[in-house]
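Sharing a model that was predicted from the sequence below.
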There are 2 protein chains.
Amino acid sequence: MTTPTQWYETHRELLDAAVAAAGARDYWSNYPESPSKSVYGADAAPAGEQAFRALLGADFPLDQPGELGRVATERSPYGLELGVRYPRCDPQRLVAAARAATPAWRDVGPHGRAGVAAEILRRINARSFEMAHAVQHTTGQAFVMAFQAGGPHAQDRGLEAVACALAAQTRIPATATWTKPQRGGDPLVMTKTSTPVGRGVALVIGCTTFPTWNGYPGLFASLVTGNPVIVKPHPGAVLPLAITVRVAREVLAESGLDPDLVTLAAEEPGDRVAAVLATHPDVRIVDFTGSSEFGNWLEANASRQTVVYTEKSGLNTVVVDSTADYPGLLRNLAFSLSLYSGQMCTTPQNIMVPREGVDTADGRRDPQQFAADLSAALDKLLGDPARAAGTLGAIVNDGVMGRLTEAAAMTPGVVRPPGEVTDPAWPQAGIRTPVVVALDADDDKVYTREWFGPVSFVITTGSTEHSLALFTETVRHHGALTATVHSTSEAVLTAARRAALDAGVHLSENLTAGVFVNQTAAFSDLHGTGANPAATAALTDDYFVSGRFFTLQARHA
Amino acid sequence: MTTPTQWYETHRELLDAAVAAAGARDYWSNYPESPSKSVYGADAAPAGEQAFRALLGADFPLDQPGELGRVATERSPYGLELGVRYPRCDPQRLVAAARAATPAWRDVGPHGRAGVAAEILRRINARSFEMAHAVQHTTGQAFVMAFQAGGPHAQDRGLEAVACALAAQTRIPATATWTKPQRGGDPLVMTKTSTPVGRGVALVIGCTTFPTWNGYPGLFASLVTGNPVIVKPHPGAVLPLAITVRVAREVLAESGLDPDLVTLAAEEPGDRVAAVLATHPDVRIVDFTGSSEFGNWLEANASRQTVVYTEKSGLNTVVVDSTADYPGLLRNLAFSLSLYSGQMCTTPQNIMVPREGVDTADGRRDPQQFAADLSAALDKLLGDPARAAGTLGAIVNDGVMGRLTEAAAMTPGVVRPPGEVTDPAWPQAGIRTPVVVALDADDDKVYTREWFGPVSFVITTGSTEHSLALFTETVRHHGALTATVHSTSEAVLTAARRAALDAGVHLSENLTAGVFVNQTAAFSDLHGTGANPAATAALTDDYFVSGRFFTLQARHA
């Protein structure tokens, strides 16, 4: 057995570095993003694939309370037969087990909890290849992206949450002496102890596209702040979170703790386990990534004492005014639209171009020309099928496919119809290139709705000023996770920064090279914000962790 | 004109010291609590009284948007004719004015906002004698207490909120450079700026007993995090907050800012201005101190995007097991029950004594004897009418008087009936001594209800173990702001600490001297907690400030 204190000592340097990095916001990463032999060892890739294959068509090894049976609900967008059978457990029993495990977890204290969490992450990192296959065959991400976004990048986001939770819980010292001078007498002296206690049972509701990347911040923030966590995966993307839960339970048990501090709540579609758990009186923390419809329902229906962190949908916007590097702008934007077929909550949807055109080094390009240039950049990026498949990944489900079809039928606006790509390795995979549709600013009925997937609009506006006004107006009302501006004018950039603050969204300016608006870096970029309706908090700042625990004091003479 | 940056420079040392003190949790205070000439000057007391008297029977000097007329709603518990007429303003106009003032306030940044807030507090502190009279004649607190709790102690709590808000907003640096190494190429470099933006219009709903002490944390936390604040005082205690708002508006105007960043929403009783404002779509932050009924209503009915901080009612509990200083215990507890006639959210109500009695140096005292001893201690403390009046203050309203009468009729349980005290200086004041009623553990219908005011119960339990179980059970369900244990046994103290963590309440142990459970010290003691139903947050920790703003980033190459 290794005690939580021992895990803390083992990972102390890492945790100190992570806390410092979250404060500095420079580039910092603990888990190498490259799936190379030189980093992970020659054996890691085949061993990971073997571990993944061994899980298929079998009962997933999880022994949890209240098991009612097994469910297999996943379908690989790549066409691989999965058939992994997960325990379907009585939600009431999961909550009861979580509650029973809580007092001992509280007694571990913030440092020991952070140590345990760091060890969980270390073991998850060691399984990054296994995880990559699990992510690829549930989300449809291409393998390298599945490795990076589902593995090291998610692990970094998890560690960031651990660091923020540890820092937040230790800001008030565990012990303090209070000495108040008294006129003409001895001072009053009191000893005061401060103990962080968790808010209650935490629920993490996973999404189908980024189960680990979006799931880890809430999972680790809740766990490290002293709460047991029930992980309710999307029925279409269970495996990445099942592996995660399994590793967590292993580490907890080895640490002499109750493994029921982390459980998996797999379900048959239609069981509504998320709703049942989110409204359970003992569930006090909910993290959710997914549709605005259910996110809003959770915010409205969770009990008054429950804190709800949601990341929902929005209208990611690009305001194009002028550029010093038009080819770079097009390349960068084409990649952003193509990556994982636009199935990212950060993919741009509404691209606003002024009627008079975009000012470039080669003269003005009006909206029609801009849309054609963007289409050409997409064609170029996606011209080679093998490379295209590696960028696009597969369409995750029929909902995305349906929106794509709907957008492709928007004659005469369609500038670039979607195309099909065949991946020889996965001939059954549904792989599509993005559709680009030209709209006018008046077509707000179309573009104020989120078209999650590879659907983007080039919207003609009256001017850049009009673009910025539309941007602020639409994002204030409908939300956004990302925003971009392209301009060579300091005045326009200043106006855009102000518009982004008014809209309540993070802004990227003049991205023309190797940084893409879709991607945020843990320990430096905040992802999301509660300042617009697309989310209630950012990954990861103090607000994201501080509602998950309370500090209780005791004082005595 | 003095700019916010200049105010920050003026108060920089103070703000640095306050941030450090909030981290250290030792005794620290910026505003002297002694109303003495040596501290505030020989002229301060008469000048303050004169300033107070000049306000009576007149229009209060506030020039706010949307004034519909004037209202005078206060009645001094000491019988002084007040007749101060406050502007009654259209709530919609106050919100619109607040919104219009917001962007410039955002642009000031966290340091400038903290500087402005520190200057507001400096000027409020200079008016502490005027404030003391205002607090005395609205709340019924005796003068010295009104001075301390309504003046310097409230100012310290306000400064604590300023410090926490400043620290929280500057934890992510305003500018950072991100440099990510690339294999075989130049690193990716991005510059990132982070800007705190307020959540939206803030509403502070004041209470009738501690309008400044309970109002300042929310007011200053919201203001410093970039939000305009509308202060809705209780109709019975307007003046202390009206003076506060007036000072804030003066400083804002002198700083070149829109004074409508802070406005007063006085009302006729029955206008329901608090409900109207709390459900206004632009109001995004609500701070409330008062009844559980309205607090729960606010939590349930404010919009999904609104963060609600409430402090409501509860069952403050004392578990008496044993003591090394029985006379000290009795003196301390008697004072806690008597101070401001128990009209504090922190006053003990449920005093649990085991059937076998309290172990003291002079032997065991059974519950009946203990209740008699406590009554005797009360009689002794309150034997001298002048001193008693200075401790008890006046009964604030008919609600408290009604509960006192109801409790006094609980024959045969009444151990100590309430008494009347006459203050020669204020013959019309309703001054009452506490009632003590003996109950059994089975009388939970009586003692699981809050009896706000000078009503306490000595409850016979089966054992200290039973007391602790009852304590945990009742506080988990009904909430509490304070808890106390008296024991000489380490095992009992350990069990009590665990019970307090389970109940989710701060604990005071063995208070027998000059520290009272009613009182918490800013910068050291947290007041309240969201861990039980009596409140949703503590004064003042990160959670109390971090939901009031979001940090928005911009990044560029």
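Here it is on my side, so go on. Residues are numbered from 1 along each chain as shown, chains lettered A, B, ... in the order given.

how many neighbours does A:A54 have?
A total of 10 residues lie near A:A54 under the criterion other C-beta atoms under 10 Å in any protein chain shown. C-beta here means a position set from N, CA and C on the backbone, and glycine is covered the same way.

and the gap between it and A:V245?
When distance is defined by C-beta to C-beta, to the nearest Å, A:A54 is 17 Å away from A:V245.

same thing with A:L261?
10 Å.

Need the residues touching each of those two.
Both A:L261 and A:V245 lack any common contact, where contact means C-beta atoms under 8 Å, 6 or more residues apart in numbering or on different chains.

What ranges does the stretch 301-450 of chain A have for its strands?
Using DSSP state E, counting those that start in this stretch, the strands of the stretch 301-450 of chain A run over A:307-311, A:317-320, A:350-354, A:358-360, A:363-365, A:414-416, A:420-423, A:426-432, A:435-440.

what does the fourth one contact?
Applying C-beta under 8 Å, 6+ apart, the contact partners of strand A:358-360 are A:V320, A:D321, A:S322, A:T323, A:Y326, A:R364, A:R365, A:F370, A:H486, A:T488.

what mean pLDDT does it have?
Throughout strand A:358-360, pLDDT has a mean value of 98.

what's near enough to touch the residue in the stretch 301-450 of chain A that chain B sits nearest to?
Of all residues in the stretch 301-450 of chain A, A:R304 sits closest to chain B, at 4.4 Å by C-beta to the nearest C-beta. Going by C-beta under 8 Å, 6+ apart, A:R304 touches B:N296, B:E299, B:A300.

how near is the first one to B:A535?
Summarising the geometry, the distance separating B:N296 from B:A535, computed by C-beta to C-beta, is 12 Å.

Need the overlap of contacts for those two.
With C-beta under 8 Å, 6+ apart as the test, B:N296 and B:A535 both reach B:T310, B:K312.

higher neighbour count, these two?
Taking other C-beta under 10 Å, B:N296 and B:A535 do not tie; B:A535 has more neighbours (28 against 14).

Quick one: residues contacting that one.
Going by C-beta under 8 Å, 6+ apart, B:A535 touches B:Y309, B:T310, B:E311, B:K312, B:G479, B:L481, B:G528, B:T529.

Redo the residues you listed as JSON lines? Include neighbour count, distance to chain A and pLDDT.
Listed next are those as JSON lines, based on neighbours: other C-beta atoms under 10 Å in any protein chain shown; distance: C-beta to the nearest C-beta, whole Å; pLDDT from 0 to 100:
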{"residue": "B:Y309", "neighbour count": "28", "distance to chain A": "11", "pLDDT": "98"}
{"residue": "B:T310", "neighbour count": "26", "distance to chain A": "10", "pLDDT": "97"}
{"residue": "B:E311", "neighbour count": "27", "distance to chain A": "14", "pLDDT": "97"}
{"residue": "B:K312", "neighbour count": "24", "distance to chain A": "11", "pLDDT": "96"}
{"residue": "B:G479", "neighbour count": "25", "distance to chain A": "11", "pLDDT": "98"}
{"residue": "B:L481", "neighbour count": "26", "distance to chain A": "12", "pLDDT": "98"}
{"residue": "B:G528", "neighbour count": "32", "distance to chain A": "10", "pLDDT": "98"}
{"residue": "B:T529", "neighbour count": "25", "distance to chain A": "5", "pLDDT": "98"}
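
circling back to that earlier point, pick the most buried one from the strands of the stretch 301-450 of chain A.
Among these, the stretch with the highest mean neighbour count (mean count of other C-beta atoms under 10 Å in any protein chain shown) is strand A:317-320, at a mean of 28.

Just name whatever secondary elements that strand is in contact with.
Helices and strands touching strand A:317-320, by 3 or more C-beta pairs under 8 Å, 6 or more residues apart in numbering or on different chains; DSSP states H and E, are strand A:350-354, helix A:464-478, strand A:483-486.
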